[in-house]
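Undergrad: here is a sequence with its predicted model. Questions after.
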Number of protein chains: 2
Amino acid sequence: MAPATLRETVLKAAVDYIAEHGPDGLSFRQVAVAAGVSHQAPYHHFTDRKGIFAAIAAEGYEMFTQAMLDALARDSAEPAADLLESYVEFALSHRGHFRVMFRPDLCSLADDPELQRVADGSFDVLVDFVRTELGPKASIVDIRARATAMWSLAHGLATLLIDGPLEPKIGPIKNRRALIRAVAQQSGLVSPKSRRR
Amino acid sequence: MAPATLRETVLKAAVDYIAEHGPDGLSFRQVAVAAGVSHQAPYHHFTDRKGIFAAIAAEGYEMFTQAMLDALARDSAEPAADLLESYVEFALSHRGHFRVMFRPDLCSLADDPELQRVADGSFDVLVDFVRTELGPKASIVDIRARATAMWSLAHGLATLLIDGPLEPKIGPIKNRRALIRAVAQQSGLVSPKSRRR
DNA sequence: TCCCCCTCTTGACAGTGTCAACCACAGCGA
DNA sequence: TCGCTGTGGTTGACACTGTCAAGAGGGGGA
């Protein structure tokens, strides 16, 4: 089932290209002619070159939010580790989207309220999780520090796995899931439920 | 003291531009004419557009290694937190270099043995630290997991602070150093020396 | 019927990275 | 003194990019 509209066709082609080659070599015109359409046709669906990246990012944030919510919905014994894993797995299985989402030169949250909204939806999942994890008596400072720590760990692991020199340096990664769990374990960011074992 | 050679002039101008606007809008020609020279002159010092990024990255890795070594040389009670802090502070005070260093589409470690060498120098500081921290009896698996965790945390925090939506989401960061230490504390990646307090 | 909007095409423009040829000039051996 | 070579710079061209402007076609409502 090929995408029906030109908008979907262009979007999919761009995401696929970015997943393989990164966002920077992406040529608007090439995508257009590859879709069998004139070089200017996509401009009726995206205002701008930035517009196409904004659309990709928005689509990405929606899926990202859902992925993290699904992980928490499983309600396992280690929700923090699950959240971390869902963050990293999303990045790896949706490289095309993830590579764009955190590149403000390609899509600026500040310039696009709708994009800001869906992005907030994603980040709120993480911050809300930490808030409920620490309980109502936790101080703002602690929530802030813990949320930042979890977010940094997840984001760093994701970006190092996608683009970074982690694998050539650390060695081949046979079992990615095991590495993610081991990192969660090492970092002490596992959930209180299983902390005192 | 203005840079003497054209090579240095171009390099400095490029780094300054990248620190402010990111690497992607950088125009080879603009840099050249801004240096008061023809659009083709820099090609005698850098083979390629990629060549200029490779030079920036190499310069960055040298400084990066030194910054981390300096932090460890202070030999404080919390070397892990110091290492984390030096990682993040380097990224923030050398955005122009840092933004290029971890962008394999701009400078590929695999394609440039010299760049690979200096990059390895940086990463080895981190991995070696974890190895000595855990002692000679530590298993490969643990070293690997802990090094990955520390690296991910540092890298994630650095990239989120530079380009990411951390500040708009978490709130204004008055004391960056305090946040970094709090994150280190939260993540449980502080050094054994001070772990049992 | 006419008109308007939506989608798309065609043609142009400046700006980009890169290739190729040419120029100036210093250093150097014969 | 001459001629050679290598280095650093210039000029001109090329294909390609994103973007602006104008227009073509056609389907739906008045």
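TA: Perfect, I can see it now.

Undergrad: what residue in chain A comes nearest to DNA strand C?
TA: residue A:38 (2.9 Å; CB to the nearest atom of the strand). Yep, even glycine has a C-beta here, placed from its N, CA and C like the rest.

Undergrad: what residues does that residue make contact with?
TA: Applying CB atoms under 8 Å, 6 or more residues apart in numbering or on different chains, we find residue A:38 in contact with residue A:32.

Undergrad: which of the three states applies to it?
TA: Under DSSP: H, G, I helix; E, B strand; the rest coil, residue A:38 falls in the coil class.

Undergrad: and what of residue A:20?
TA: Assignment for residue A:20 (three-state DSSP): helix.

Undergrad: now the strand or helix carrying residue A:149: buried residues?
TA: Residue A:149 belongs to helix A:140-162 when assigned by DSSP states H and E. Buried positions in helix A:140-162, judged by neighbour count with 16 or more other CB atoms under 10 Å in any protein chain shown: A:143-162.

Undergrad: filter those residues by proximity to chain B?
TA: Applying CB under 8 Å from any CB of the partner chain to those, one finds that A:144-149, A:151-160 fall near chain B.

Undergrad: quick check, nearest of those residues to residue B:43?
TA: Proximity of those to residue B:43 was ranked by CB to CB; the top entry is residue A:159 with 31.9 Å.

Undergrad: output the contacting helices and strands for the helix holding residue A:149.
TA: For helix A:140-162, the elements it packs on are helix A:79-93, helix A:95-101, helix A:113-134, helix A:176-187, helix B:140-162, helix B:166-170, helix B:176-187, judged by 3 or more CB pairs under 8 Å, 6 or more residues apart in numbering or on different chains; DSSP states H and E.

Undergrad: show me how far the second one is from its chain's centre.
TA: In terms of CA atoms, centre = their mean, to the nearest Å, the centre of helix A:95-101 is set 7 Å apart from its chain centre.

Undergrad: cool, the last one as well?
TA: With CA atoms, centre = their mean as the basis, the distance from the averaged C-alpha position of helix B:176-187 to the chain average is 18 Å.

Undergrad: quick one: that helix near chain A?
TA: Yes. Contact between helix B:176-187 and chain A, assessed by CB under 8 Å from any CB, occurs at B:179, B:182-183, B:185-187.

Undergrad: buried residues of the longest helix along chain A, list them for me.
TA: Across chain A, the longest stretch assigned as helix under DSSP state H is helix A:49-73. Neighbour counts over helix A:49-73 (16+ other CB under 10 Å) mark A:52-61, A:64-68, A:71-72 as buried.

Undergrad: got a list of contacts for that helix?
TA: A:10-11, A:14-15, A:18, A:23, A:28, A:42, A:46, A:79, A:82-83, A:85-87, A:89-90, A:94, A:96-98, A:100-101, A:103, A:106-108, A:112, A:114-115, A:118-119, A:121-122, A:125-126, A:129.

Undergrad: residue A:34 contacts residue A:13, correct?
TA: Yes. At 6.0 Å, residue A:34 counts as touching residue A:13 under the criterion of CB atoms under 8 Å.

Undergrad: okay, these two: which has more neighbours?
TA: Using other CB atoms under 10 Å in any protein chain shown, the more surrounded residue of residue A:34 and residue A:13 is residue A:13, with 18 against 13.

Undergrad: now do the same for the more buried one: helix, strand or coil?
TA: Secondary structure, three-state DSSP: residue A:13 is helix.

Undergrad: go ahead and confirm it touches residue A:31.
TA: Yes. With contact defined as CB under 8 Å, residue A:13 counts as touching residue A:31 (5.1 Å).

Undergrad: do you know the pLDDT at residue A:22?
TA: In this prediction, residue A:22 carries a pLDDT score of 92.

Undergrad: residues near it, how many?
TA: 20.

Undergrad: dump the residue contacts of it.
TA: A:99, A:163, B:105.

Undergrad: recalculate using a threshold of 7 Å.
TA: By CB atoms under 7 Å, 6 or more residues apart in numbering or on different chains, the residues touching residue A:22 are A:99, B:105.

Undergrad: ramachandran angles for it?
TA: phi 90, psi 160 (degrees, to the nearest 10).

Undergrad: what about it, distance to residue B:104?
TA: 8 Å (CB to CB, to the nearest Å).

Undergrad: which non-adjacent residue is nearest residue A:83?
TA: Excluding its sequence neighbours, the residue lying closest to residue A:83 (CB to CB, 6 or more residues apart in numbering or on different chains) is residue A:71, at 5.6 Å.

Undergrad: let me fix that: residue A:153
TA: Counting by CB to CB, 6+ apart, the residue nearest residue A:153 is residue B:153, at 4.9 Å.

Undergrad: residues in contact with that neighbour?
TA: The neighbourhood of residue B:153, defined by CB under 7 Å, 6+ apart, consists of A:149, A:152-153, A:156, A:187, B:84, B:187, B:189.

Undergrad: make it 6 Å
TA: A:152-153, A:156, B:187 (CB atoms under 6 Å, 6 or more residues apart in numbering or on different chains).

Undergrad: of those, just say which sits nearest to DNA strand D.
TA: For the contacts of residue B:153, the residue nearest DNA strand D by CB to the nearest atom of the strand is residue A:156; the value is 30.0 Å.

Undergrad: quick one, grab the pLDDT at that closest one.
TA: Taking residue A:156 on its own, its pLDDT is 97.

Undergrad: who are the contact partners of the nearest residue to it once chain neighbours are set aside?
TA: Residue nearest to residue A:156 in three dimensions, not counting chain neighbours: residue B:156, with 2.6 Å by CB to CB, 6+ apart. When contacts are counted by CB under 6 Å, 6+ apart, residue B:156 touches A:152-153, A:155-156.
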